[in-house]
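K.L.:
what's the 3D shape of this:
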Amino acid sequence: MKYLVALAGAFFAVVLTVSLSPYVRILGVAPDLALIFVACWALVRGRSEAMVVVPMAGMLRDLTTSDPVGTSVLALSPIVLLAALRDLRPVESEFVPALVAVGVASLAYVMVSMTVLTTVGDDVPWTTGLLRVALPSMVVNALFAVIVYPPVRLLSPRPRTEHFGVGSAVQL
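P.N.:
From the prediction side, this is the model:
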């Protein structure tokens, strides 16, 4: 059931990205709702689920772009590694690592996409791509993560709390 919800969420995010991107531009870039959804899902649900949801969302996204098939799957794959932030718990909040992961994933997505396009023979202006696409996407996607993160968090199960005595609470 959880992967069906993830598929529906990824499909919805990809459709919104494709339909809204010509109309919603902030700092010259459109928010990548599919990337934001997958990064938030990975941070909330963990690496094991991210390993399933990332290729699923990447294939859905590849169906809507003119890039070579598999580019989005490759470009979204660093999100699985970023899901390790969840296990490290550098801060008490789960929201701050999600924002960081979305920003880093945005940069990684652009760099992997430009690498793939360069490999297949396209002329990619790296300096312009990094300055006018990658950096603004990091900011814009992190801002839109504020909207996407709460529904993803609501869809995930909370850890159970077990009581072993008066005043003690242990999370399992």
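K.L.:
Could you check how far residue 5 is from residue 52?
P.N.:
12 Å (CB to CB, to the nearest Å). For the C-beta atoms, the positions are set from N, CA and C on the backbone; glycine is no exception.
K.L.:
Now the common contact residues for these two.
P.N.:
Counting by CB atoms under 8 Å, 6 or more residues apart in numbering, residue 5 and residue 52 have no shared contacts at all.
K.L.:
contacting residues for the closest residue to residue 126 other than its chain neighbours?
P.N.:
Leaving out its chain neighbours, the residue that sits closest to residue 126 by CB to CB, 6 or more residues apart in numbering is residue 114, at 6.4 Å. With contact set as CB under 8 Å, 6+ apart, residue 114 has these partners: 124, 126, 129.
K.L.:
burial count for the second one?
P.N.:
Using other CB atoms under 10 Å as the criterion, residue 126 is surrounded by 12 other residues.
K.L.:
OK, contacts around the residue most central in space within the chain?
P.N.:
In the chain, the C-alpha nearest the mean C-alpha coordinate belongs to residue 39, at 2.6 Å (CA atoms, centre = their mean). When contacts are counted by CB under 8 Å, 6+ apart, residue 39 touches 79, 82, 98, 101, 102, 105, 145.
K.L.:
So the last one is in contact with residue 100, correct?
P.N.:
Okay, so that is residue 145. No. If you go by CB atoms under 8 Å, residue 145 and residue 100 don't touch, sitting 9.8 Å apart.
K.L.:
of these two, who's got more company?
P.N.:
residue 145 (28 against 18).
K.L.:
TSV for the contacts of residue 114, including distance to residue 118, secondary structure and pLDDT?
P.N.:
Listed next are the contacts of residue 114 as TSV, based on distance: CB to CB, whole Å; DSSP: H, G, I helix; E, B strand; the rest coil; pLDDT from 0 to 100:
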residue	distance to residue 118	secondary structure	pLDDT
124	5	coil	87
126	8	helix	90
129	10	helix	86
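K.L.:
out of those residues, which one sits closest to residue 23?
P.N.:
residue 129 (22.4 Å; CB to CB).
K.L.:
list the contacts for the closest residue in space to residue 104 that isn't next to it in sequence?
P.N.:
Distances taken as CB to CB, 6+ apart place residue 82 nearest to residue 104, at 6.0 Å, with adjacent residues excluded. By CB under 8 Å, 6+ apart, the residues touching residue 82 are 39, 42, 43, 101, 104, 105.
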